[in-house]
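A.B. asks: Give me coordinates for this.
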Amino acid sequence: MNYLLGRALVATTLTVTVTGCSMLGMAPKTDTPQVTISTTTSPASTPQAAIENAEQAMKLAEKEHLNFYAPFHNKQAKKALKQARKRLEKLETKESILDSINIFSSNSPQNVIDDANNAINNVNKGVQYKAIVKEELAPALEQVRRLDKLKARDHFPDQYRQALKELHSIIIDIERDNLDSAKEDQAPLVENMYALEVHTVEFITLNETRELIKRLEEADAEDYIPLLNFESIDMLNKAEIYIRANPRSLEEVKEIGERAYYVSLHAINVLNRVQIMSNRTHEEIILDFENLLAPLAILLDAKGIAH
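C.D. replies: Modelled structure (predicted):
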């Protein structure tokens, strides 16, 4: 028995932890309550019984999300069960009656049983490797959960898929007992996923503000409202700097993001009025301002506002 599997050895009666979880993105969610389930694999005396046992094992594989945590062994288990079913199907046809009594036939009952047992063994190994993956790749798995919580897959699908693809490759390295390689590759992957986390927080928080800044630039706001234009760009820069340094301080990130947004929105509103005023005489502008003050004069019971 190799070193990695030796660390996750289980008895013939296999006790496994089944996580009651949903899928966020491509990664299973593991922070929900856990239930312990015991399953005993007993020798099968008939091909039908062997396949039934293998089917139960595949149900366990699905509950354990082995397609994510142990993709190689999960694939091997599916392949073995598929082969067992094909052999059994041929055995049940009239043309294969001789095969059923021929010990050298590739479709003998024993071959069916062997394939089914192979599926079960791969599921059992997959469950063992899952425990190793969760222990050794805890930083990467935690980073995936953070990306899922931010819905990074929706905002940056290509980068998210690439990260999961690299994680998938590292998990397969563990299944092949290349633990040193897996550890070495995990560090840059976590770094890249953290960068994606920061990028996602920036996008969620500042995307609307950046759109407003873009509108100011296209409208030559620097010429019309230089002070507010500078203030808008400055607030955006400060927000970017803060988020990159503190991407997980979400309350503060939200607050500084809102400030940047409203400064830019104010600039847009003032820009619109300045552009309108630029085509009018000074007299028209002053009279319009007096009209704006008129409702206030009424509220203050003032007889006139010309003075």
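A.B. asks: from memory residue 189 sits against residue 140, does it?
C.D. replies: Yes - judged on CB atoms under 8 Å, residue 189 makes contact with residue 140 at a distance of 5.8 Å. All C-beta spots, glycine's among them, are computed from the backbone N, C-alpha and C.
A.B. asks: and these two? which has more neighbours close in?
C.D. replies: A direct count of neighbours by other CB atoms under 10 Å for residue 189 and residue 140 places residue 140 higher, at 23 against 20.
A.B. asks: Quick check: phi and psi on the more buried one?
C.D. replies: Per-residue torsions, residue 140: phi -70, psi -40 (degrees, to the nearest 10).
A.B. asks: For the residue positioned nearest the centre of the chain, give me the backbone phi and psi.
C.D. replies: Ranked by distance to the mean C-alpha position of the chain (CA atoms, centre = their mean), the top residue is residue 148 at 3.3 Å. Dihedral pair for residue 148: phi -70, psi -40, per degrees, to the nearest 10.
A.B. asks: Just give me the neighbour total for residue 72.
C.D. replies: Here the number of neighbours of residue 72 (other CB under 10 Å) works out to 19.
A.B. asks: which neighbours do residue 189 and residue 140 share?
C.D. replies: Residues touching both residue 189 and residue 140 (CB atoms under 8 Å, 6 or more residues apart in numbering): 167, 170.
A.B. asks: Do you know the pLDDT at the residue lying closest to residue 70 once chain neighbours are set aside?
C.D. replies: The shortest distance from residue 70 to any non-neighbouring residue, by CB to CB, 6 or more residues apart in numbering, is to residue 126 (3.5 Å). pLDDT, residue 126: 97.
A.B. asks: Let me see the contact set for residue 126.
C.D. replies: 61, 64, 66, 69-70, 73-74, 77.
A.B. asks: how near is residue 299 to residue 71?
C.D. replies: 71 Å (CB to CB, to the nearest Å).
A.B. asks: make that residue 239, sorry
C.D. replies: Between residue 239 and residue 71 the computed distance is 40 Å (CB to CB).
A.B. asks: For the two, indicate the residue with more neighbours.
C.D. replies: Neighbours were counted for residue 239 and for residue 71 using other CB under 10 Å; residue 239 has more, 23 against 17.
A.B. asks: tell me how far the strand or helix carrying that one is from the chain's mean position?
C.D. replies: Using DSSP states H and E, residue 239 sits within helix 226-245. The chain centroid and the centroid of helix 226-245 are separated by 29 Å under CA atoms, centre = their mean, to the nearest Å.
A.B. asks: Could you do stretch 224-238 as well?
C.D. replies: Worked out by CA atoms, centre = their mean, stretch 224-238 lies 35 Å from the chain centre.
A.B. asks: Then stretch 270-287?
C.D. replies: Per CA atoms, centre = their mean, the centroid offset for stretch 270-287 relative to its chain is 51 Å.
A.B. asks: Then stretch 134-154?
C.D. replies: Here stretch 134-154 is found 6 Å from its chain centre; the criterion is CA atoms, centre = their mean.
A.B. asks: Now it: average pLDDT?
C.D. replies: What stretch 134-154 shows for mean pLDDT is 97.
A.B. asks: where along the stretch 151-300 of the chain do the helices fall?
C.D. replies: Using DSSP state H, counting those that start in this stretch, the helices of the stretch 151-300 of the chain run over residues 152-155, 157-175, 179-218, 221-224, 226-245, 250-277, 282-299.
A.B. asks: any weak-confidence spans in this structure?
C.D. replies: 1-44, 94-106, 302-307 (pLDDT under 70).
A.B. asks: and the angle from the helix or strand containing residue 121 to helix 157-175?
C.D. replies: Assigned by DSSP H and E, residue 121 falls within helix 109-136. Angle of helix 109-136 versus helix 157-175, following axes from the mean of the first three to the mean of the last three CA atoms, to 10 degrees, is 110 degrees.
A.B. asks: who's in contact with residue 160?
C.D. replies: Counting by CB under 8 Å, 6+ apart, residue 160 makes contact with 25, 147, 152-153, 196.
A.B. asks: So residue 280 versus residue 271, what's the distance?
C.D. replies: 16 Å.
A.B. asks: Which pair of the contacts of residue 126 spans the longest distance?
C.D. replies: 69 and 77 (13.0 Å; CB to CB).
A.B. asks: Would you mind writing the CA trace of stretch 291-303 as PDB?
C.D. replies: Extracted as PDB, the C-alpha positions of stretch 291-303 are listed here (Å, rounded to 0.1, in the frame of the first residue of the first chain):
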ATOM      1  CA  ASN A 291     -36.900  80.600 -10.200                       C
ATOM      2  CA  LEU A 292     -35.200  77.700  -8.300                       C
ATOM      3  CA  LEU A 293     -35.300  79.800  -5.100                       C
ATOM      4  CA  ALA A 294     -38.900  80.900  -5.500                       C
ATOM      5  CA  PRO A 295     -40.400  77.800  -3.700                       C
ATOM      6  CA  LEU A 296     -38.100  78.400  -0.800                       C
ATOM      7  CA  ALA A 297     -39.200  82.100  -0.600                       C
ATOM      8  CA  ILE A 298     -42.900  80.900  -0.400                       C
ATOM      9  CA  LEU A 299     -42.000  78.500   2.400                       C
ATOM     10  CA  LEU A 300     -40.200  81.300   4.300                       C
ATOM     11  CA  ASP A 301     -43.100  83.700   3.700                       C
ATOM     12  CA  ALA A 302     -40.800  86.200   2.000                       C
ATOM     13  CA  LYS A 303     -42.500  88.800  -0.100                       C
END
